[in-house]
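**Student:** Here is my input, please return the structure:
(one chain, ligands or ions: 2)
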Amino acid sequence: MADMQSTNAAAPAIIRRLDYRPPDWLVPDIALDFDLDASATQVHAVLSIVRNGTHDRPLRLEGDGLLPVEVKVDGRTLGPEEWALDGGTLVVPLNGQSHQVETRVEVAPDSNSKLMGLYASGGLLCTQCEAEGFRRITFFPDRPDVLSRYTVRMEADKSRYPVLLANGDPVEKGDLPGGRHWARWTDPFPKPCYLFALVAGDLACNADRFVTMSGREVALGIWVREADLPRTAHAMKALKDSMAWDERVYGREYDLDVFNIVAVADFNFGAMENKGLNIFNSRYILADPETATDLDYDGVEGVVAHEYFHNWSGNRVTCRDWFQLSLKEGFTVFRDQSFSADMGSHAVKRIEDVRILRAAQFQEDSGPLAHPVRPESYMEISNFYTATIYNKGAELIRMMALMLGWERFRASTDLYFESHDGQAATCEDFVRAMEEGGGIDLSQFRLWYEQAGTPHVRAMLSHDPATGTAELLLEQAVPPTPGQPDKKPMAIPMRVALFDPASGRHQGDQLLMLTQAKQSFRFEGFSSAPILSINRGFSAPVIVETNRSQADLAFLSAHDDDPFARYEAMQQLMVNVLIGRIGGQAVDEDAVIAAIRDTATDPQLDPAFVAETIRLPSEAYLGDQMPVVDPDAIHAARDALQQRIGEALEPLWRDIHAGTKANAFSLSPAAKGARKLRNIALHYLVASGAQDGPQIAFAQFHEADNMTERQAALATLANGASDEREAALDIFYNRYRDDALTLDKWFQTQAFAFHPNTVQLVADLREHKDFTLANPNRVRSLFGAFAGNQWAFHHRSGEGYRLVADCIIALDKINPQTAARLVPPLGRWRRFDEARAAMMRAALQRVLAEPGLSRDVTEQASKSLE
Ligand code: 0A1
Ligand code: ZN
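**Tutor:** Ligands and ions are numbered 1, 2, ... in the order given. The predicted model follows:
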């Protein structure tokens with residue numbers, strides 16, 4: 001049977017949610033033995049398998065790029081006619097109910113450029129198995145509903161790989177002849193293979209301890225290169241804070257004796273929640289004031305928390321199949337967002353999270369790659385680690401928590417964890433726990449999991465002075481998305497308040513449930529027309545259109561007691577002026593300037609909130625408000641308004657900039673807020689065109705004792721043309737050329753700059769000696785940032801599209817997952833004028849015509865053209 005091998009060069013198969021079938025064989029136990037070596041690692045796997053149900057189907061063990069050196073069943077080596085390879089999958093017919101199956105394979109970590117499976121990074125050997133990387137290590141039923149107890153033995157050269165880590169707890173170790181050593185780890189918790197991990201290398205440890213709520217001591221370790229040890233303190237603090245928070249807020253305790261984190265330089269995503277052994281992209285572990293911005297610090301805190309929280313929402317309760325990915329990701333993002341809000345400012349965190357949602361998820365939801373939070377089909381699951389699964393998924397949990405109230409929500413999460421502990425569950429299981437624990441009917445709410453697309457809600461407030469009645473008419477519509485032309489009305493929780501303009505107060509915040517296509521709500525007791533504050537706290541992930549005047553928005557920007565709604569009013573005020581300007585209408589910029597001045601000078605407000613609120617909406621967000629995006633007009637209008645704001649309030653910007661200079665670095669919320677505001681002030685000051693603007697920016701760049709101020713000054717300078725620009729870029733490069741994470745900022749700042757020559761600069765940086773396609777962080781710093789720079793990427797020459805398509809084609813041969821992440825910006829062609837759209841389609845077609853294209857890029861590019 002061994003000659004039955006088949007190759008699969010045809011169009012990638014489509015996997016469908018409704019085709020789910022329970023596994024044919026279970027694997028209660030697995031023992032793995034690794035003889036580790038960078039170029040030839042031997043993997044010996046012993047699987048105890050049990051037939052699941054009554055059937056006569058053979059055992060199928062997935063493999064990707066593996067050739068069995070040996071296959072044994074119950075201790076007997078099989079002849080080549082007793083097994084077969086079917087497109088990589090090892091097929092073994094078996095008669096009994098349970099067997100012991102052994103395989104031996106050899107893998108080559110140092111030629112694994114996809115960074116999936118076992119790979120080498122900076123002298124380390126490490127693994128990445130989610131979603132389907134375990135099949136690149138050994139033959140196994142690589143699906144999340146097969147849960148096994150793992151024992152892992154590793155053997156390696158002791159000088160090269162003095163540290164050997166795996167999931168669970170270490171149990172035994174020893175030395176071997178020839179300078180080799182070994183270690184054995186066991187993980188008592190049954191887990192799916194996507195949570196398997198090992199690391200071998202020369203690592204130093206930041207060791208600490210945590211005592212859990214039941215008094216157990218957990219040994220914590222953050223493992224990095226020796227030189228990076230001083231940069232691990234913030235991650236360790238975040239880990240301990242997360243452990244305490246999950247106990248306090250969700251009643252969830254850690255369950256093993258050790259918890260290890262390893263930082264690696266080459267990693268496709270942010271980090272990975274492997275049981276007891278989280279593996280991180282080093283950018284989410286390492287931080288010090290010299291090299292990390294406040295945003296980086298927050299990223300470390302948030303991602304450490306995210307991965308830790310997965311221990312319950314993901315590991316103890318895992319996913320039945322990959323269509324349920326948001327079960328663990330949406331819930332875990334909601335948990336990490338709540339944690340970060342508790343660690344800092346709720347108001348600012350909500351604004352930041354909504355900004356990310358709108359920038360990434362709303363765009364996804366309105367384009368060719370739109371998909372439901374629980375998708376129906378995929379070609380390559382790696383393409384579904386999206387803002388929809390993560391961020392919109394988190395909004396769904398947030399809405400349920402809002403509808404239930406915290407106490408009932410918490411009772412429901414307890415029920416969910418208790419009833420599904422040790423299981424592979426579904427999104428439906430979660431919703432049912434919410435219904436049972438919360439005593440609520442979520443039948444209509446389930447549409448949020450099924451229907452893609454961002455709902456639009458039109459809100460019209462009218463007032464009858466004769467009766468003192470206000471009427472709020474809400475209408476909803478969910479736009480068509482691929483495969484879903486017609487949508488049903490959703491259950492949309494809308495927090496609203498009606499302000500009395502005379503007193504500046506409202507009668508209370510109400511939660512309205514919009515469940516019909518059109519619904520009206522009446523409010524009594526308004527002698528004069530109230531002002532509508534709607535979707536407060538961004539209670540639902542929808543696009544709200546209202547009939548509010550600029551005067552109403554200005555009122556709310558000064559008086560709304562819901563910080564998100566106050567921010568939103570200011571942003572809408574700005575959007576209206578900018579869109580008006582783009583459309584050639586006469587607009588009243590003075591109202592915006594006055595609102596900014598009032599906000600920036602209000603002593604009651606948190607400086608971090610002020611900074612968020614007075615910042616102009618991004619060019620991309622403005623594009624989202626237009627029927628056809630006009631990148632040049634948007635840039636011109638935004639630039640001009642920025643300059644006006646800069647000029648009109650120049651003394652204020654000088655004051656704020658001077659008044660927020662700190663004597664010594666601190667990570668306190670007040671110090672972070674001051675830096676945020678200081679950087680915005682600098683930005684407006686330079687935008688004003690003041691003669692000394694570049695010098696002031698350069699002075700900040702030069703004098704700063706922290707990266708937040710240094711990088712902001714560099715970014716401000718990078719937008720213009722000045723001697724200071726070139727000097728600062730040179731200084732930055734020379735200072736950080738040997739520090740990869742910081743050098744990434746140098747690439748990113750230039751790719752993201754509003755500079756007329758950005759396209760050419762990016763083309764030149766592509767050829768820079770420090771640019772490499774082998775490191776995903778470097779690729780994202782240059783091409784990810786560039787593709788997010790609307791004005792530059794959509795340069796009318798089409799050169800931006802060409803650069804990104806070239807990068808996708810070259811990168812696909814090395815790392816298809818990371819290549820596929822660069823496709824969506826090209827897929828937004830329907831949003832642009834026909835000349836640009838044609839060039840974007842041509843770029844996608846050129847990518848698709850590439851022979852041997854990966855399944856990852858094929859799926860994204862072909863769907864983008866449909
Ligand atoms: N589960 C991880 C995300 C993740 C997914 C796939 C990966 O493969 C390269 C890596 C990480 C998380 O949500 O953090
Ligand atoms: Zn996650």
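
**Student:** Excluding sequence neighbours, find me the nearest residue to the residue in the stretch 501-650 of the chain that ligand 2 sits nearest to.
**Tutor:** When scored by C-beta to the ion, the stretch 501-650 of the chain has residue 541 as its residue closest to ligand 2, at 18.6 Å. No exception for glycine: its C-beta is placed from N, CA and C like everyone else's. Counting by C-beta to C-beta, 6 or more residues apart in numbering, residue 541 lies nearest to residue 395, which is 4.1 Å off, once chain neighbours are set aside.

**Student:** Compute the distance between that neighbour and residue 535, please.
**Tutor:** Here the criterion is C-beta to C-beta, to the nearest Å. By it, residue 395 lies 12 Å from residue 535.

**Student:** okay, and the common contacts of the two?
**Tutor:** In terms of C-beta atoms under 8 Å, 6 or more residues apart in numbering, residue 395 and residue 535 are not both contacted by any residue.

**Student:** just to revisit the earlier point, so how far is ligand 1 from the residue of the stretch 501-650 of the chain closest to ligand 2?
**Tutor:** When distance is defined by C-beta to the nearest ligand atom, to the nearest Å, residue 541 is 19 Å away from ligand 1.

**Student:** Just confirm that residue is within a strand.
**Tutor:** No - secondary structure assignment (DSSP: H, G, I helix; E, B strand; the rest coil) places residue 541 in coil, not in a strand.

**Student:** Need the three-state assignment for the single nearest residue of the stretch 351-500 of the chain relative to ligand 2.
**Tutor:** Closest approach of the stretch 351-500 of the chain to ligand 2 (C-beta to the ion) occurs at residue 390, with a separation of 7.1 Å. Classification of residue 390 by three-state DSSP places it in helix.

**Student:** got it, and residue 578?
**Tutor:** Residue 578 - assigned by three-state DSSP - is helix.

**Student:** Next, count neighbours for it.
**Tutor:** Residue 578: 25 surrounding residues under other C-beta atoms under 10 Å.

**Student:** what about the closest residue to it other than its chain neighbours, which helix or strand?
**Tutor:** Spatial nearest neighbour of residue 578, excluding adjacent residues (C-beta to C-beta, 6+ apart): residue 637 at 5.2 Å. Counting by DSSP states H and E, the element that carries residue 637 is helix 631-648.

**Student:** Output that helix as PDB, nothing but the C-alphas.
**Tutor:** Output of helix 631-648 as PDB, limited to C-alpha atoms (Å, rounded to 0.1, in the frame of the first residue of the first chain):
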ATOM      1  CA  PRO A 631      -6.700  58.900  -0.900                       C
ATOM      2  CA  ASP A 632      -5.200  62.100  -2.200                       C
ATOM      3  CA  ALA A 633      -8.300  64.300  -1.300                       C
ATOM      4  CA  ILE A 634      -8.400  62.700   2.100                       C
ATOM      5  CA  HIS A 635      -4.800  63.400   2.700                       C
ATOM      6  CA  ALA A 636      -5.000  66.900   1.500                       C
ATOM      7  CA  ALA A 637      -8.100  67.700   3.600                       C
ATOM      8  CA  ARG A 638      -6.700  66.100   6.800                       C
ATOM      9  CA  ASP A 639      -3.300  67.700   6.400                       C
ATOM     10  CA  ALA A 640      -4.900  71.100   5.900                       C
ATOM     11  CA  LEU A 641      -7.200  70.800   8.900                       C
ATOM     12  CA  GLN A 642      -4.200  69.600  11.000                       C
ATOM     13  CA  GLN A 643      -2.300  72.700  10.000                       C
ATOM     14  CA  ARG A 644      -5.200  75.000  10.800                       C
ATOM     15  CA  ILE A 645      -5.600  73.400  14.200                       C
ATOM     16  CA  GLY A 646      -1.900  73.700  14.700                       C
ATOM     17  CA  GLU A 647      -1.800  77.400  13.700                       C
ATOM     18  CA  ALA A 648      -5.000  78.400  15.500                       C
END
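
**Student:** State the mean pLDDT of it.
**Tutor:** Taken as a whole, helix 631-648 carries a mean pLDDT of 98.

**Student:** Would you mind writing the CA trace of the helix or strand that comes right after that helix as PDB?
**Tutor:** Using DSSP H and E, the helix or strand that follows helix 631-648 towards the C-terminus is helix 650-659. What follows is helix 650-659, C-alpha atoms only, in PDB (Å, rounded to 0.1, in the frame of the first residue of the first chain):
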ATOM      1  CA  GLU A 650      -0.200  77.300  18.500                       C
ATOM      2  CA  PRO A 651       0.400  78.800  21.900                       C
ATOM      3  CA  LEU A 652      -1.600  76.000  23.500                       C
ATOM      4  CA  TRP A 653       0.500  73.400  21.800                       C
ATOM      5  CA  ARG A 654       3.700  75.100  23.000                       C
ATOM      6  CA  ASP A 655       2.300  75.200  26.500                       C
ATOM      7  CA  ILE A 656       1.200  71.600  26.600                       C
ATOM      8  CA  HIS A 657       4.500  70.500  25.100                       C
ATOM      9  CA  ALA A 658       6.600  72.400  27.600                       C
ATOM     10  CA  GLY A 659       4.300  71.600  30.500                       C
END
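
**Student:** tell me what helix 650-659 is packed against?
**Tutor:** Here helix 650-659 touches helix 589-600, helix 669-687, going by 3 or more C-beta pairs under 8 Å, 6 or more residues apart in numbering; DSSP states H and E.

**Student:** hmm, back to that, what does the residue of the stretch 501-650 of the chain closest to ligand 2 show for phi and psi?
**Tutor:** Main-chain dihedrals, residue 541, degrees, to the nearest 10: phi -80, psi 70.

**Student:** Isn't it up against residue 357?
**Tutor:** Yes - using C-beta atoms under 8 Å, residue 541 is in contact with residue 357, at 6.3 Å.

**Student:** Give me the three-state assignment for the residue nearest to residue 11 when sequence neighbours are not counted.
**Tutor:** Once flanking residues are discounted, residue 11 sits nearest to residue 858: 7.8 Å by C-beta to C-beta, 6+ apart. Secondary structure, three-state DSSP: residue 858 is helix.

**Student:** need the residues of the protein near ligand 2, please.
**Tutor:** 329, 332 (C-beta under 5 Å from the ion).

**Student:** Recalculate using a threshold of 8 Å.
**Tutor:** Taking C-beta under 8 Å from the ion, the part of the chain that reaches ligand 2 is made up of 273, 306-307, 310, 314, 328-329, 332-333, 390.

**Student:** Please flag which of those sit within strands.
**Tutor:** Residues of these located in strands (DSSP state E): none.

**Student:** for the residues you listed, which one is nearest residue 564?
**Tutor:** Using C-beta to C-beta, residue 333 comes nearest to residue 564 of the residues of the chain next to ligand 2, at 17.7 Å.

**Student:** Roughly how far does the nearest residue to the closest one once chain neighbours are set aside sit from residue 387?
**Tutor:** Leaving aside its chain neighbours, residue 333 sits nearest to residue 394 (3.8 Å; criterion: C-beta to C-beta, 6+ apart). Residue 394 sits 10 Å away from residue 387, going by C-beta to C-beta.

**Student:** who's more crowded, these two?
**Tutor:** Each of residue 394 and residue 387 has its neighbours counted (other C-beta under 10 Å); residue 394 has more, 27 against 21.

**Student:** Surely that one touches residue 328?
**Tutor:** No - in this structure, residue 394 is not within contact of residue 328 by C-beta under 8 Å, at 11.4 Å.

**Student:** thinking again about what came up before, quick check: angle from the helix holding residue 637 to helix 669-687?
**Tutor:** Here the directions of helix 631-648 and helix 669-687 differ by 100 degrees (axes from the mean of the first three to the mean of the last three C-alpha atoms, to 10 degrees).
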